[in-house]
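Colleague: Turn this into a structure:
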Amino acid sequence: MVAMLGLSLAGPALAERADRDKPLVLEADNASYDDVKQIYTLTGNVVLTKGTMVLKSDAAELRTDPEGYQYAIATSKPGRQAYIRQKRDGVDEYIDGWGDRIEYDGKQELSRLIGHARAARVAGTKIIDEIRGALITYDSRNEFYTAAGGGEPASSGATSGRVRAVLSPRADAASAPGAPLELKPAPAPATGTSPSRP
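Modeller: Coordinates of the predicted model:
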């Protein structure tokens, strides 16, 4: 099953626009670099940072194409998950994501969360919306998620083989950061007329 959510899940969740012009910073316990293939191989406490985007994992392979765009494949040891976080543009909210494997495409501004995948819109410490599935793709440029079920164990919080989303109630979402605050006029004062009779 595949679900496409036009970010009604997360509102208009554009990634921080300034991130695309920031340098990519690599940190790891060990690193090797193949200059011919333009590939970094990183292991141990890997942290990739590009502006507000942070990708953490146990291991990662990072490639740069001839145009200068970066592509990363991040993996974690069994029982652990790779993690990605990026600030939404113009509001104090983040998109957090977890997966057994995370593929980051800097050219298309895509993050693919693969295996026991979970993504959430977070304000402070509060999770506003959350989705789980076997595969979640977050397209920050075109403002949508896609989520696919299939082989997802029920113990992870998803029904086996299906996508599961938890969305905040509309009233809650309206008071959340990044959502418009709706102001309603106060009720009109009573005019002193007697109530009508049936």
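Colleague: Going by contacts, tell me the helices and strands next to the helix or strand hosting Thr41.
Modeller: In the assignment (DSSP states H and E), Thr41 maps to strand 39-50. Counting contacts by 3 or more C-beta pairs under 8 Å, 6 or more residues apart in numbering; DSSP states H and E, strand 39-50 packs against strand 25-27, strand 30-34, strand 53-64, strand 70-75. In this view, the C-beta of every residue, glycine as well, is placed from N, C-alpha and C.
Colleague: give me that answer again for 10 Å
Modeller: strand 25-27, strand 30-34, strand 53-64, strand 70-75, strand 82-87, strand 101-105 (3 or more C-beta pairs under 10 Å, 6 or more residues apart in numbering; DSSP states H and E).
Colleague: Mind checking these for the one nearest to Gly124?
Modeller: For these, distance to Gly124 was read as C-beta to C-beta. The smallest value, 12.7 Å, belongs to strand 82-87.
Colleague: quick one: the helix or strand just after that closest one to chain centroid distance?
Modeller: Going down the chain from strand 82-87, the next helix or strand is strand 94-99, by DSSP H and E. How far strand 94-99 lies from its chain's middle: 4 Å, per C-alpha atoms, centre = their mean, to the nearest Å.
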